[in-house]
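J.: Sharing a sequence plus its predicted fold:
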Amino acid sequence: MKYFVVEQIPALTSELLRMNCQFLACQPREWLADRALELCYTNHELKSFAADLGRDHPPFRWQPDRRVLLQAEIDAAVIHLYGLNRTQAEWLLDSFTVLQKYEERDHGEFGQNGLCWKSMTILHRQDMQACLSHSFEPCSG
């Protein structure tokens, strides 16, 4: 991949990912890694991935309601880290038309959008205890 292509990828800087964020109560890279691990590490075949993140425990249980919450929290935190205002965030979330179509068909509403706004409200109040209080539940065997 050419440098000019990589330079245009909308990625958070390593400096931003390493700084302590009061609204997350830790570094964004740690906060995001915990949630990404829980979303991805649902099978013993990914044990080496967990080990790369310094974790030595069984895979997480697949919990659809929990996964939706984690995805909304990640969306909200990343929107906050990019410094998007509400209009920009609405435009971004509304651009996921395929997701919106299937969620409205299956659930009668675009639930991910609503959960993301709820998570963003919590972030803006710097009250992450509501989000961070969810315990991580690896499988027991």
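T.: In hand now; what should we look at?

J.: From now on I want contacts and neighbour counts done on CA atoms only, so please keep to that.
T.: Noted.

J.: Determine the longest helix present in this protein.
T.: For the chain, the longest helix by residue count, based on DSSP state H, is helix 64-82.

J.: Against which helices or strands is that helix packed?
T.: helix 28-40, helix 111-124 (3 or more Cα pairs under 8 Å, 6 or more residues apart in numbering; DSSP states H and E).

J.: mind listing what's buried in it?
T.: Buried residues in helix 64-82, counted by 16 or more other Cα atoms under 10 Å: 67-80.

J.: okay, the residues you listed in CSV with distance to residue 42 and pLDDT next?
T.: Conversion of the buried residues of helix 64-82 to CSV gives the following (distance: Cα to Cα, whole Å; pLDDT from 0 to 100):
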residue, distance to residue 42, pLDDT
67, 11, 88
68, 15, 82
69, 16, 85
70, 14, 89
71, 15, 86
72, 19, 83
73, 19, 86
74, 18, 88
75, 21, 85
76, 23, 85
77, 23, 87
78, 23, 88
79, 26, 86
80, 28, 85
